[in-house]
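S.K.: How does the following fold in three dimensions:
(one chain, ligands or ions: 2)
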Amino acid sequence: MGSASMRFGFGKVAQDGAARAGVIRTPRGEIRTPAFMPVGTAATVKAMLPESVAATGADILLGNTYHLMLRPGAERVARLGGLHRFMNWQRPILTDSGGFQVMSLAGLRKLTEEGVTFRSHIDGSKHHLTPERSMEIQALLGSDIVMCFDECPALPASDKAVAESMRLSMRWAARSKEAFGDRPGHALFGIMQGGVTRALREESAEALKEIGFDGYAVGGLAVGEGQEAMFGVLDYAPGSLPEDRPRYLMGVGKPDDIVGAVKRGIDMMDCVLPSRSGRTGQVFTRHGVVNIKNARHQDDPRPLDEDCTCPACCGYSRAYLHHVFRAGEMISGMLLTWHNLHYFQQIMAEMRAAIVEGRFTEWEAGFHAGRAQGDI
Ligand SMILES: CNc1nc2c(CCNC[C@]34C[C@H]5C[C@H](C[C@H](C5)C3)C4)c3nc(N)[nH]c(=O)c3cc2[nH]1
Ligand SMILES: [Zn+2]
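M.R.: Numbering: from 1, shown residues only. Ligands and ions are numbered 1, 2, ... in the order given. Take a look at the predicted model:
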């Protein structure tokens, strides 16, 4: 483990078009970018042991401020040594600030300049989240990369509503930075908002640069706008952020979303898709998507993907995976989640190599050519 006095740092290794390959250095280890971050919802990447998550190639995972503040409580996790110790993951952890979740999960909630008041979806207890409290919770959890407390407007929303929401998030970003203080070895990322409106996105980028952050996220996307609108924003938004800092696209995505985002200058992403799909029998492969519950797999002796080196593909047939999924066996979620996370990390590793070798365009063409549309 690196010394705590070591600062957080980002170094670009290569660039190919707008795509970048680099390394983020933290006291808990290095993160190779472009990076995909698996999601640990309630201090666990569901159906995976931490050592299995590491074996897939993940350098960093996401913790969940909203869930952990409700149960078991941030102060309790701190008393028990912090989130790394609690969940036995000694590499970097990034935590979201909780706001996005409140807006998508909590029941009754009230949004004011001060923050958000809501009732827990677990036991109905009342909670109050502000930029200051979010920074305190993320510090108690001990995460290495902290996200500003922001508001992600639900779509559809008028330009006026998106503008007001973005400006509130920028005021909250300043309060987040003030409350974060100076924590060597820990990073604070600002979050750009502004919907799909270029002028608002650029106003948000300027506001964040004025405050100054260790990294910059593109928020407010992957909320139902569709891939075309999302790529439309990504055609210009990453370029309005500092080129010497990591750029994190929140909540993305399907494999082709990820490739398109890296192509447009994104360095980090997170998504529940590979783990959640693993539990619902949806398997991503370089040849397309396999829905393992489909009867066509019942007698198929082949692995999910002949070219994959994960435990599911090295040890089991589609027939077996079909059987244990249908039977509701736990091993089904374990093997399919492992495969999906392994495959997502495989895409990232291939893109990193392609960018370093200056052949990203060719790699991307091969990626799209290999994927039959629909079920295989
Ligand atoms: C899916 N689309 C999307 N996501 C988004 C997120 C959450 C990112 N994932 C973190 C998260 C969210 C949930 C589920 C897991 C664990 C934990 C709780 C943290 C990942 C976002 N988070 C913040 N703070 N702001 C956004 O604008 C935003 C936009 C998103 N658009
Ligand atoms: Zn596999």
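
S.K.: which secondary element of this protein has the worst mean pLDDT?
M.R.: helix 99-105 (a mean of 84; mean pLDDT, DSSP states H and E).

S.K.: just checking, next helix/strand downstream of it?
M.R.: Using DSSP states H and E, the helix or strand that directly follows helix 99-105 along the chain is strand 109-111.

S.K.: Identify the residues contacting that next one?
M.R.: The contact list for strand 109-111 (C-beta atoms under 8 Å, 6 or more residues apart in numbering) reads Val102, Met103, Val116, Thr117, Phe118, Arg119, Glu151. The C-beta positions use only the backbone N, C-alpha and C, and glycine is treated the same way.

S.K.: Would you check how far apart Glu329 and Tyr316 are?
M.R.: With distances taken as C-beta to C-beta, to the nearest Å, Glu329 is found 12 Å from Tyr316.

S.K.: Could you do Ala157 as well?
M.R.: In this view, Ala157 and Tyr316 are 46 Å apart by C-beta to C-beta.

S.K.: likewise Gly251?
M.R.: Taken as C-beta to C-beta, the span from Gly251 to Tyr316 is 31 Å.

S.K.: More neighbours: the two, which one.
M.R.: Taking neighbours as other C-beta atoms under 10 Å, Gly251 and Tyr316 compare with Gly251 leading, 21 against 17.

S.K.: got the CA coordinates for stretch 242-259 in CSV?
M.R.: C-alpha atoms of stretch 242-259 as CSV (Å, rounded to 0.1, in the frame of the first residue of the first chain):
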residue,chain,number,x,y,z
PRO,A,242,-9.4,19.9,-18.1
GLU,A,243,-7.4,17.5,-20.3
ASP,A,244,-4.9,16.6,-17.5
ARG,A,245,-7.6,15.3,-15.1
PRO,A,246,-9.7,12.1,-15.2
ARG,A,247,-13.1,12.3,-16.8
TYR,A,248,-15.8,10.0,-15.4
LEU,A,249,-19.0,9.3,-17.2
MET,A,250,-21.6,8.2,-14.5
GLY,A,251,-23.8,5.2,-14.9
VAL,A,252,-22.6,3.9,-18.3
GLY,A,253,-23.3,1.4,-19.7
LYS,A,254,-23.8,-1.3,-22.3
PRO,A,255,-20.6,-2.4,-24.1
ASP,A,256,-21.2,-0.2,-27.1
ASP,A,257,-22.0,2.8,-24.9
ILE,A,258,-18.6,2.2,-23.1
VAL,A,259,-16.7,2.0,-26.4
